[in-house]
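Engineer: with the input below, show me the fold.
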Amino acid sequence: MNHASAKPIVSRLPAAWTEFAAFLHAPRHGEPSGLRAPGAWRTIGAMWALDVAGLLVLLLLVSGWLKWTGLPGPDAFDKVPRQWLLPLVVIVAPVLEELLFRGWLSGRPRTVWLLGCVLAVALVATLPMEPASRGAVALLFLLAMPVGWALLRRWATPRWFARGFPAIFWITALLFGAVHLSNYPQPGLLALPLVLPQVWAGLVFGFVRMRVGLAGSMLVHAGANALAILPTVLAG
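Structural biologist: Sure thing, here's the model as predicted:
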C-alpha cells in the first residue's frame, strides 16, 4: 500500500486515535478539556473501543504465554465475594485506581500532596507499631489532606513536572501494569508479559485523563472493567 492510498484510511479513523498515537510518541502536559467540551464524549467512546480492541489482542497473547510457560492464570476474582465482585470491579477499582495512578498527572502541588498523604497512610499501615499509635499517625495524614489541598489550591504546576511529563506518563503506565502482577499466584519476571493488557490500559486511561479529565478516564476504565467481568458474572 502506498502513502497516497493510506491517507484516506487514516482520515477515516476517529480523531482521538490519531491524537493518541501522536501523544504516545511525545506525551505532553496540558489542561484537560472536561466532559462538557465539544467532542469529549466522542473521545471517551472512541478510546473505550480502542482500549477493548487492544485488550482482546493482548489477552490472546497472554493466553498463549500462559500455555507456553505453564504459569497459572489470574486468581484475583477468586479472592472477592461474589456479591461484591461487580461493584468492586466496575465502580470501586476504577475510581480508586484512577485517583492513585492518574489523579495527580495534572502536576498541581495539591494533587501531589493528596497522593503523598495516601501513600504515607499506606506506609504507616505496614509499620511495626501499636495499633493505637498507627491509627493516630494515619489520622494525622488524613487530616492533613484537606489542609494541604486548601493551602496549595492556587499553586500552579511546576515547570520541572511539565518538562519531565513524558517520562512520568510512561513510568506511571508501567507501574499500573506492574501492580497487577498481584492478580497472579506466581508473580515474577516470567509473569511480566501477563500484565501487558494493564500497561496498554494505563496508556489509554492516561491519555483520556490528560485529554478529557479524570472523570473521563474513570468512565473508560469502568467500561473496560465491566466488559472484562461480564463473562465471569454470566458464568456465575
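Engineer: which of the three states applies to the most centrally placed residue in the chain?
Structural biologist: By C-alpha atoms, centre = their mean, the chain has its centre lying nearest to residue 202, at 4.3 Å. Secondary structure state of residue 202, per DSSP: H, G, I helix; E, B strand; the rest coil, is helix.
Engineer: for residue 77, give its distance to residue 187.
Structural biologist: 16 Å (C-beta to C-beta, to the nearest Å). To be clear about C-beta, it is placed using only N, CA and C from the backbone, and glycine gets the same treatment.
Engineer: residue 204 too?
Structural biologist: Residue 204 is 23 Å from residue 187, by C-beta to C-beta.
Engineer: more neighbours, these two?
Structural biologist: Taking neighbours as other C-beta atoms under 10 Å, residue 204 and residue 187 compare with residue 204 leading, 24 against 16.
Engineer: which residues does that one contact?
Structural biologist: Counting by C-beta atoms under 8 Å, 6 or more residues apart in numbering, residue 204 makes contact with 20, 47, 50-51, 54, 220.
Engineer: try it again with 6 Å
Structural biologist: 47, 51 (C-beta atoms under 6 Å, 6 or more residues apart in numbering).
Engineer: and it, how far is that from residue 95?
Structural biologist: 17 Å.
Engineer: now residue 220
Structural biologist: In terms of C-beta to C-beta, residue 220 sits 13 Å off from residue 95.
Engineer: out of these two, which sits in the more crowded spot?
Structural biologist: residue 220 (28 against 16).
Engineer: quick one, phi/psi of that one?
Structural biologist: phi -60, psi -40 (degrees, to the nearest 10).
Engineer: okay, now the unreliable bits of this structure?
Structural biologist: Along the chain, segments meeting pLDDT under 70 span 1-11, 231-236.
Engineer: helices of that one, start to end?
Structural biologist: Remark: helices assigned in the chain by DSSP state H are 3-12, 15-25, 40-69, 82-87, 93-101, 109-126, 131-151, 159-163, 165-179, 196-211, 214-235.
Engineer: re the thing from before, correct me if wrong: the residue nearest to the centre of the chain contacts residue 174.
Structural biologist: No - counting by C-beta atoms under 6 Å, residue 202 does not reach residue 174; the two are 7.5 Å apart.
Engineer: re the thing from before, what would the helices of the chain look like in TSV with distance to residue 34?
Structural biologist: Output for those, formatted as TSV (distance: least, C-beta to C-beta, whole Å):
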stretch	distance to residue 34
helix 3-12	27
helix 15-25	15
helix 40-69	7
helix 82-87	27
helix 93-101	16
helix 109-126	16
helix 131-151	20
helix 159-163	20
helix 165-179	19
helix 196-211	10
helix 214-235	8
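Engineer: report how many residues lie close to residue 104.
Structural biologist: Counted with other C-beta under 10 Å, residue 104 comes out at 22.
Engineer: ok, now how distant is residue 128 from residue 134?
Structural biologist: 9 Å.
Engineer: again with residue 153
Structural biologist: 30 Å.
Engineer: between the two, which is the more surrounded one?
Structural biologist: residue 134 (16 against 10).
Engineer: residues contacting the spatially closest residue to the more buried one that is not a sequence neighbour?
Structural biologist: With C-beta to C-beta, 6 or more residues apart in numbering as the criterion, residue 134 has its nearest non-adjacent residue at 5.7 Å, and that residue is residue 124. Listed by C-beta under 6 Å, 6+ apart, the contact set of residue 124 reads 134, 137-138.
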